[in-house]
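Asks: Below: sequence and its predicted model.
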Amino acid sequence: MTVQVQMVRFALVGAVNTGTYFGLYLALLTWLPYVAAHVLAFLLSMVGSFFLTSYFTYRTRPTWRKFLLFPLTNAANFVVTTCGVYLLVDVLHLSSRYSPLIAQASAIPITFVVSRMIMLRPDPAARIQEREPEPVRSAG
């Protein structure tokens with residue numbers, strides 16, 4: 001699969017993840033305070049995003065290691081978006097209303113690179129298993 005196909009699939013997963021988050025948020029908001037609804041919807045949609053990213057975007061087997069590293073994609077997105085909003089509003093004097101959208105768009109390529117590194121990096125345990133020779137069996 002080419003990197004371009006992965007990028008398109010990554011964007012589709014992002015769109016699905018955004019819709020999932022918002023739908024969960026609205027559903028949870030009916031019986032939880034908004035902050036709790038936001039946190040729970042965010043966590044649940046991130047779990048769904050992990051499996052979609054694994055199976056659909058990169059066609060790789062999910063592992064616990066990848067699952068535990070996957071939140072780094074959101075951390076990278078947060079850092080780039082936050083720095084971008086600051087740069088756009090305080091340095092370039094653009095509108096604070098639209099700057100988050102521009103900053104979010106600029107974060108997508110970086111988030112893609114981080115997710116690709118996490119999801120396609122070989123698992124150390126798998127490398128050890130590949131190196132171990134098969135046991136010799138006696139004929140008899």
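Replies: Ah, there it is. All values reported here derive from a predicted model rather than from experimental measurement. Numbering: from 1, shown residues only.
Asks: hmm, who's touching whichever strand or helix holds Val113?
Replies: Here Val113, judged by DSSP states H and E, is contained in helix 99-120. Residues outside helix 99-120 that contact it (CB atoms under 8 Å, 6 or more residues apart in numbering) are 6-7, 10-11, 14, 53-54, 57-58, 60, 66, 69-70, 72-73, 76-77, 80-85, 87-89, 94. Any C-beta I mention is one placed from the backbone N, CA and C, and that applies to glycine too.
Asks: Show me which positions of it end up buried.
Replies: Buried residues in helix 99-120, counted by 16 or more other CB atoms under 10 Å: 99-100, 102-104, 107-108, 111-112, 114-116, 118-119.
Asks: Now that helix: average pLDDT?
Replies: The pLDDT scores in helix 99-120 average 90.
Asks: thinking again about what came up before, how about the buried residues of helix 99-120 in TSV, adding distance to Thr2?
Replies: Conversion of those to TSV gives the following (distance: CB to CB, whole Å):
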residue	distance to Thr2
Ser99	33
Pro100	31
Ile102	28
Ala103	28
Gln104	25
Ala107	22
Ile108	18
Thr111	19
Phe112	13
Val114	19
Ser115	16
Arg116	12
Ile118	19
Met119	16
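Asks: re the thing from before, would you mind checking the contacts of helix 99-120 for buried ones?
Replies: 6, 10, 14, 53-54, 57-58, 66, 69-70, 73, 76-77, 80-81, 84-85, 88-89.
Asks: Which ones among the residues you listed map onto helices?
Replies: 6, 10, 14, 66, 69, 73, 76-77, 80-81, 84-85 (DSSP state H).
Asks: out of the residues you listed, what pair is the most spread apart?
Replies: Greatest spacing in those, by CB to CB: Lys66 and Val85 (29.1 Å).
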